[in-house]
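Colleague: Build me a structure from this.
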Amino acid sequence: MGDYPTRQIQNPLELTDQIFGPATQNEALRDETYCQIMKQMTSNNIRYSMEQGWQLLWLCCGLFPPSNSLLKHAQRFLETRRREPLASDCLHRLQGALRTEPRKLPPHQVEVDAIQQNSIQIFHKIHFPNDTEEIFEVATNTKVRDLVRTIATKLNLISEDGFSIFVKTPDKVLSLSEADYFFDSLRQITDWSRTTKMAKDGGPMSVSYSVFFMRKLWFNVIPGRDLEADHIFHFPQELPKYLRGYHRCTKEDMVQMGALLFRVKVNNDKTQFVMIPKMLKELVPNDQLKAMSADDWKKNIVAAYNKQAGMTVEEAILGFLKVIFKWPTFGCAFFEVKQTSEPSFPDIVRIAISRQGVTIMHPKTKDVLATHPLNKIANWCSGSTYFHMTVGNLVKGNKILCETSLGYKMDDLLTSYANMYLNETRAQRPRNRRFN
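Modeller: Predicted coordinates for the structure are as follows:
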């Protein structure tokens with residue numbers, strides 16, 4: 001609170017970590033935290049000290065409540081100081097903390113920054129796959145599932161099912177668990193990234209990150225059913241996978257798709273035809289660019305484009321999705337890994353994860369080498385350099401061993417699809433009838 005001098009200048013987050021970190025991990029220290037803050041605020045005539053005291057108490061009331069024996073004293077402390085700007089909101093946050101489970105980690109930088117500006121509203125920027133962004137209010141006790149629902153409602157999506165919050169750091173993209181508090185989950189990821197960077201580079205440092213809202217699970221996705229989701233999520237998320245050459249498609253499909261993508265970029269501007277040879281990487285799968293000469297690609301794409309006369313950009317986006325929707329790899333997440341368990345497979349294989357399960361593909365021919373439905377996968381695990389999976393039973397099952405730095409992503413995605421499968425299976429079971 002600034003009452004006593006310190007040997008070195010510390011940033012506010014370090015101080016709040018020291019104050020609230022132990023109490024978030026040890027329930028016995030929570031009353032002590034409340035008592036120390038209120039004690040320093042009692043008969044304190046130093047304005048700057050009191051301002052910081054109220055800010056600390058505001059943070060504390062949102063993190064965890066005091067015990068029943070201290071609760072009345074804390075409420076009385078706040079009720080007798082209602083003229084203070086933060087008193088009423090502290091009381092409101094305290095009442096909220098009594099109804100919910102306590103936070104697991106100390107405040108995030110965003111929370112500390114907000115209250116230092118005496119703002120009782122906390123806002124966070126959320127990015128979308130179509131390169132747009134919006135600001136959303138996120139409370140101390142907002143859970144990830146609450147934020148998902150809020151965003152889906154704001155965007156007028158038909159359903160929030162299958163969508164998730166992702167955090168992108170310089171070295172990873174991680175999905176947040178919907179049951180966790182948003183700021184706890186965010187704090188855990190940024191702390192982990194900071195610790196990793198410190199181990200590599202030495203010395204404390206800040207970690208840049210971005211928060212994204214994207215579709216994670218592709219089920220019940222039919223192009224045209226939810227046009228907002230198609231434009232904001234489905235098209236920009238599926239386009240990179242198509243251009244990277246992950247799907248098996250015919251030359252006719254690629255010409256048609258190239259014409260649709262060209263229309264998305266230029267609309268009705270036919271003067272841009274001359275630019276097609278330079279735009280091919282944005283129109284044709286990367287591994288198929290040499291299937292025809294640039295001039296032949298241009299001639300075929302122009303012909304297909306002219307057949308689509310009168311089509312709008314929005315209709316072209318929908319047309320692109322309707323073509324991919326027919327392919328078995330629509331909505332899959334793809335991972336190129338080194339496999340060490342099947343001698344008949346190439347060393348490098350492409351693994352596709354979807355609601356159907358896990359499909360192993362040849363990365364060049366795109367032939368399906370093996371398919372493993374979700375209900376046949378017994379176990380899986382991952383580490384920083386591997387992803388392992390057992391198909392069949394745990395004793396005599398077939399083990400699939402992969403070397404990859406993206407094992408954490410494969411693990412998380414497979415777990416999410418497996419949970420979805422189990423929930424669907426339970427919902428389909430008929431209820432036991434009771435007979436008198």
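
Colleague: From what I see, G96 and G62 are in contact.
Modeller: Yes - using CB atoms under 8 Å, G96 makes contact with G62 at a distance of 7.4 Å. No exception for glycine: its C-beta is placed from N, CA and C like everyone else's.

Colleague: and the closest residue to Q308 other than its chain neighbours, how many neighbours?
Modeller: Among residues not flanking Q308 along the chain, A259 sits closest, at 6.0 Å (CB to CB, 6 or more residues apart in numbering). Close neighbours of A259, defined as other CB atoms under 10 Å, add up to 25.

Colleague: ok, now how distant is A259 from Y305?
Modeller: Counting by CB to CB, to the nearest Å, the separation of A259 from Y305 is 4 Å.

Colleague: repeat for F123
Modeller: 43 Å.

Colleague: cool, L401 as well?
Modeller: From L401 to Y305 the distance is 47 Å (CB to CB).

Colleague: So those two - more neighbours on which side?
Modeller: Y305 (23 against 14).

Colleague: model confidence over the strand or helix carrying the more buried one, on average?
Modeller: Y305 is part of helix 294-307 when elements are defined by DSSP states H and E. The average pLDDT for helix 294-307 rounds to 97.

Colleague: for it, which positions count as buried?
Modeller: Buried residues in helix 294-307, counted by 16 or more other CB atoms under 10 Å: 297-298, 300-302, 304-305.

Colleague: Give me the secondary structure label for D287.
Modeller: helix (DSSP: H, G, I helix; E, B strand; the rest coil).

Colleague: Wait, P346 touches I360, no?
Modeller: No - with contacts counted by CB under 8 Å, P346 stays clear of I360, the gap being 10.2 Å.

Colleague: how much space is there between the residue nearest the centre of the chain and P106?
Modeller: In the chain, the C-alpha nearest the mean C-alpha coordinate belongs to F166, at 1.5 Å (CA atoms, centre = their mean). F166 is 23 Å from P106, where distance means CB to CB.

Colleague: Next, K168: phi, psi?
Modeller: When quoted as degrees, to the nearest 10, the phi and psi of K168 stand at phi -110, psi 120.

Colleague: That one: neighbour count?
Modeller: 15.

Colleague: could you check the distance from the closest residue to A87 other than its chain neighbours over to M41?
Modeller: Excluding its sequence neighbours, the residue lying closest to A87 (CB to CB, 6+ apart) is R81, at 4.8 Å. The gap separating R81 from M41 is 9 Å, by CB to CB.

Colleague: Can you pick out the residue with more neighbours from these two?
Modeller: M41 (19 against 16).

Colleague: Let me see the ranges of the strands in the stretch 301-436 of the chain.
Modeller: 333-339, 348-354, 357-361, 368-373, 377-382, 386-391, 398-403 (DSSP state E, counting those that start in this stretch).

Colleague: Go through these and name the closest to A28.
Modeller: strand 377-382 (35.2 Å; CB to CB).

Colleague: That closest one pairs with which strands, parallel or anti?
Modeller: strand 386-391 (antiparallel) (DSSP bridges).

Colleague: So what touches the partner strand?
Modeller: Strand 386-391 has contacts (CB atoms under 8 Å, 6 or more residues apart in numbering) with 335, 337, 358, 372, 376-382, 397-404, 406-407, 410-411, 414.

Colleague: Return the distance of that strand from the chain's centre.
Modeller: 23 Å (CA atoms, centre = their mean, to the nearest Å).

Colleague: Also compute the angle for that strand relative to strand 398-403, please.
Modeller: 170 degrees (axes from the mean of the first three to the mean of the last three CA atoms, to 10 degrees).

Colleague: Looking at the residue nearest to Q308 now. What's its pLDDT?
Modeller: 98.

Colleague: and it, that's in a helix?
Modeller: Yes - when classified by three-state DSSP, A259 is found to be part of a helix.

Colleague: residues in contact with it?
Modeller: Counting by CB under 8 Å, 6+ apart, A259 has contacts 301-302, 304-305, 307-308.

Colleague: swap in P102?
Modeller: Here P102 is in contact with 24, 27, 30, 63-65 (criterion: CB under 8 Å, 6+ apart).

Colleague: Output the contacting helices and strands for the one helix or strand R149 maps to.
Modeller: Counting by DSSP H and E, the element that carries R149 is helix 144-154. Judged by 3 or more CB pairs under 8 Å, 6 or more residues apart in numbering; DSSP states H and E, the packing partners of helix 144-154 are strand 133-137, strand 163-168, helix 182-201.

Colleague: Kind regards, and thank you for your time.
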